[in-house]
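Generate coordinates for the sequence data below:
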Amino acid sequence: MRRYKVGQYWCVPRIVLLFCRAIPAPIWAIVALFVLFPGILPGAIALGLNNLGILGRLMTETNENLEKPPLEALKAQGTPGMLLFLYGILPINLPRFLAYILYRWEVCIRETVMVGKS
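Numbering: from 1, shown residues only. Here you go, the predicted structure:
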């Protein structure tokens, strides 16, 4: 039986997030116009893809910079993975996640002017 390293599983999602983040929203809108009809949908898809990459990167950085001692204490007590997420990770990250989501919402509202012109 072959064992895989944890880093191998995270390679593909990181590449997808990098690809979504690297291309600006107006370029995504132009690409979506070739596939879809002109209207609201190509702009919404463009902003969604761009924000997916940016929010994905911000949230992975937040998860990577978590303080380890509280999580290790929960693991030492034998906490299952779902409860570790609910009581260890979510309470620490939820305010940061909400702040990032609200910030990107505001940026997305401003970017609709640029995407609407292209």
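
Let me see the ranges of the helices in this protein.
Taking DSSP state H as the criterion, the chain contains helices spanning 6-9, 11-22, 25-35, 40-64, 68-76, 81-84, 90-117.

Same list (the ones you listed) but as JSON lines, adding mean pLDDT and mean neighbour count.
Quick note: C-beta positions are derived from backbone N, CA and C, even for glycine. Shown next, in JSON lines, are the helices of the chain (pLDDT from 0 to 100; neighbours: other CB atoms under 10 Å):
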{"stretch": "helix 6-9", "mean pLDDT": "64", "mean neighbour count": "8"}
{"stretch": "helix 11-22", "mean pLDDT": "85", "mean neighbour count": "13"}
{"stretch": "helix 25-35", "mean pLDDT": "86", "mean neighbour count": "16"}
{"stretch": "helix 40-64", "mean pLDDT": "88", "mean neighbour count": "17"}
{"stretch": "helix 68-76", "mean pLDDT": "88", "mean neighbour count": "12"}
{"stretch": "helix 81-84", "mean pLDDT": "88", "mean neighbour count": "11"}
{"stretch": "helix 90-117", "mean pLDDT": "87", "mean neighbour count": "13"}
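
List the residues that contact Thr79.
87-88 (CB atoms under 8 Å, 6 or more residues apart in numbering).

That one and Ile89: what is the separation?
Thr79 sits 11 Å away from Ile89 when distances are taken as CB to CB, to the nearest Å.

Gly88 reaches Pro70, doesn't it?
Yes. Gly88 lies in contact with Pro70 (CB atoms under 8 Å); the separation is 5.9 Å.
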